[in-house]
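# Sequence below, structure please.
(chains A and B)
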Amino acid sequence: MSARPTVSVPALPDDGLVAIIKRDCATCELVVPVLGDLARTHDLTIWVQDDPTFCADIGSRLDADLAVSWHHDIETVPTLIRRTGGEEADRIVGWNREEWIAFTGADSLGDGLPEWRPGCGSLSVDPSMTDELTVRFSGSMLRARRIEVAELEDEMEMAFDRGWSDGLPVVPPTEARVLRMLEGTTRPPDQIVATIPPDLVEVTVEQVAINAVMAGCKPEYLPVVLAAVEAACTDEFNMHGLLATTYFSGPVVIVNGPIVERIGMNSGHNVLGQGNRANSTIGRALQLVVRNLGGGRPGEVDMGMQGAPSKLGWSFAEREHDSPFEPLAAARGLPAGTDAVTLFAGQGPIPIVDQLSRTPESLTRSIASVLLAYAHPKLIIGFDCIVVLSPEHGRIYSEAGWGRARVMAELEPLLVRSGAELVRGAGGIAEGLPEAMAEADLPKFRAGGLQFVHAGGDAGLFSSLIGGWVSGDVGSAPVTVEVTP
Amino acid sequence: MTVVLDPTAGRAAAGIETAPRLSSLEGATIGLLDISKPRGDVFLRRVEELLTERGATVHHYRKPTFAKPAPVDLRHEIATTCDAVIEALAD
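Below you'll find the predicted structure:
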């Protein structure tokens, strides 16, 4: 099916009065004699929304597809519009004798009628019509190919059959749903968001919106999804390599800023788990974009050997209000209070259990000991990590007055290993570093390879880590992008 | 009837034509691309021996990291210099 044609809108007269009415409205019935008077004394055009016989004797016309009502934002009938020089000068709604007299300049109007009656809702804003009308009048701006679902075809099954799904049901991307989704952003539907690997396709706002619908997003999440797509398609993030690797990682989306509360993201209980629509669908929308537009499908370019459940899509928000640290996006250089996404190539979470530490020194040692084991205790520098610090652990740092810089400084020496323990064969384990590194002291992480984010419920003396893939210039570096409307 | 919008890019990735197959290695120039995986060099050294025995000239190339696509310049150089390329994975 080809693109939807643009609907033509009948022109209103350059000068004169225009009334919009419907039969199914007592106030419109009431003002029929008034319209009859005005039709004799003024240049009056009458548009009827429902019944072509209504006021036909005084020359009414039928607004058959509600194009006039829709394009002139009619919310109430009757509406009386005064046009001058091709523009709308003013409008009134409902029936109010004094108002109508002043508006039309008539000496008297509607003798015998009540002084005032409220109008009725315009058919063009009837909730049962909204979707149909939005598609009828705005559908032409959508460029995507239309696919008709046959009568005997189930639209949910059809999405699976066509390979659009990550394995879970997707919301069928109807025109009405996609148009509603696009209301979540001020960006035009045809704007290019990014060039997405591996197929290196230029993706538009509309195409991202279609996949966001399928993922289950609400329109207000769309700006976050768009920012995540932008971040994923940077050279630094290296989405192509992340797909192609046999490793476990996928894009992890961490959200900062006031938008977290605005769209209802979870930064508290079960923050890394299920149950919150925004958390569950934003990361999924990004992965559907990668799959459906980039062409990154498991077993094809996505060569994940075991993968990870987090590759379905993983997004969560930072718990900023009582964090001992400045927000992650601020630590990464954006002004505090900026709406932002940070993308990290990772998987997890891996628990960091410490229920006994009450001092920052002891807690820091615990965190370091788990970090040292990430991926393999004998492998270093190759993998970044994000520590997801829990509120109960975070409180130990805030009560001691330890900020991010202090914690990182204290961690640094704790994360250094002696090369002799790490070389191939050491500890009876073949895996390890080349023998030449035996004499060196070596850090677990590259500079900038360790991040902290604060999230979780009030209770639980655990934190966690999100483990990364090949880090930095040779693999993927975290990317932070501002979320714009 | 429900109408849905196509969520895909609506086209396949641009097709890439492979170079013609070589009928003989005699006198051919073969690129060996090490993608920087551990011990890829071991594998490629043996491949080089076998190719040289069969009369081929061998050029060595190396990707900066196995985790990213080969840089455009490197791909161009191989394509314009070699009759065929062997890309090594190893671990």
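
# Residues of chain B that sit close to chain A?
Counting by CB under 8 Å from any CB of the partner chain, chain B comes close to chain A at B:1-10, B:13, B:64-65, B:67-69. No exception for glycine: its C-beta is placed from N, CA and C like everyone else's.

# Buried ones from those, can you make that a ChimeraX selection?
Isolation of the buried members of the residues of chain B next to chain A (16 or more other CB atoms under 10 Å in any protein chain shown) is achieved in ChimeraX through the command below:
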select /B:3,4,5,6,7,8,9,65,67,68
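
# Have a look at the residues of chain B next to chain A and tell me the least confident one.
Scanning those for pLDDT, the low point is B:Ala13. It has 53.

# Quick check: the farthest pair among the residues of chain B next to chain A?
Farthest apart among these by CB to CB are B:Met1 and B:Pro64. That separation is 52.9 Å.

# Please determine whether stretch A:175-193 lies in contact with chain B.
Yes: using CB under 8 Å from any CB, stretch A:175-193 comes into contact with chain B via A:Glu175, A:Val178.

# Longest strand of chain A, counting residues only.
strand A:340-353 (DSSP state E).

# C-terminal to that strand, what's the next element?
Heading C-terminal from strand A:340-353, the first helix or strand you meet, by DSSP states H and E, is helix A:360-372.

# which residues of the stretch 251-400 of chain A fall in helices?
For the stretch 251-400 of chain A, applying DSSP state H, counting those that start in this stretch gives helices covering A:259-262, A:277-289, A:328-331, A:360-372, A:391-400.

# Now tell me what touches the last one from outside.
Applying CB atoms under 8 Å, 6 or more residues apart in numbering or on different chains, the contact partners of helix A:391-400 are A:319, A:322-325, A:354, A:357-360, A:363, A:389, A:403, A:407, A:454, A:456-463.

# export the helices of the stretch 251-400 of chain A to CSV and tack on mean pLDDT and mean neighbour count?
Formatted as CSV, the helices of the stretch 251-400 of chain A follow (pLDDT from 0 to 100; neighbours: other CB atoms under 10 Å in any protein chain shown):
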stretch, mean pLDDT, mean neighbour count
helix A:259-262, 98, 16
helix A:277-289, 98, 26
helix A:328-331, 97, 23
helix A:360-372, 98, 18
helix A:391-400, 98, 19
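
# The ones you listed: which one's closest to A:Asp90?
Closest of the helices of the stretch 251-400 of chain A to A:Asp90 is helix A:259-262, at 36.0 Å (criterion: CB to CB).

# Kindly format the C-alpha coordinates of that closest one as PDB.
C-alpha atoms of helix A:259-262 as PDB (Å, rounded to 0.1, in the frame of the first residue of the first chain):
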ATOM      1  CA  ILE A 259      13.000  13.800  32.700                       C
ATOM      2  CA  VAL A 260      13.300  10.800  34.900                       C
ATOM      3  CA  GLU A 261      10.500  11.900  37.100                       C
ATOM      4  CA  ARG A 262       8.600  13.500  34.300                       C
END
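
# I figured A:Pro188 hits A:Val205, correct?
Yes: in this structure, A:Pro188 is within contact of A:Val205 by CB atoms under 8 Å, at 6.7 Å.

# neighbour count winner among those two?
A:Val205 (21 against 11; other CB atoms under 10 Å in any protein chain shown).

# for the more buried one, what are its contacts?
Contacts here follow CB under 8 Å, 6+ apart; on that basis A:Val205 touches A:Leu182, A:Thr185, A:Arg187, A:Pro188, A:Pro189, A:Asp190, A:Gln191, A:Val193, A:Leu226.
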